[in-house]
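**Student:** return atomic coordinates for the entry below.
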Amino acid sequence: MTTARFPDPYEGLSDDELDRHFSELIADNRQRQRSVSIRFPDELLEELRQIADQLGVRYQTLIKRLLEQDVARLRAHR
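**Tutor:** All right, here's what the predicted structure looks like:
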């Protein structure tokens, strides 16, 4: 038997409590996100897809991360 490096934050929760906890997390996450439609030039979208493949992430995730980084940088310069 191996010893866990970090304590299990869910230790002691019943199955019902654990289900309720994760259901709330999922519901909260859905409430904070909104789907948008945006048009990209074909070449840019293809390059984003290639970069995402190299990084092992979905291209939508890559786009979101890039936008988050740029918004944080813009916010810092205000």
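
**Student:** what comes into contact with the helix or strand hosting Ala72?
**Tutor:** Assigned by DSSP states H and E, Ala72 falls within helix 59-76. Contacting residues not belonging to helix 59-76 are listed as 45, 48-49, 51-52, 55, 57 [CB atoms under 8 Å, 6 or more residues apart in numbering]. Every C-beta, even on glycine, is put in place using the N, C-alpha and C of the backbone.

**Student:** show me where the protein has helices.
**Tutor:** Using DSSP state H, the helices found in the chain span residues 15-32, 42-55, 59-76.

**Student:** tell me the buried residues in the last one?
**Tutor:** Meaning helix 59-76. Burial within helix 59-76, assessed by neighbour count using 16 or more other CB atoms under 10 Å, is assigned to 59, 62-63.

**Student:** same question, the second one
**Tutor:** Buried residues in helix 42-55, defined by neighbour count with 16+ other CB under 10 Å: 48, 52.

**Student:** mind pulling up the pLDDT for the most centrally placed residue in the chain?
**Tutor:** Within the chain, one residue has its C-alpha closest to the average C-alpha position: by CA atoms, centre = their mean, that is Thr61, at 6.8 Å. We note a pLDDT of 91 for Thr61 in this prediction.
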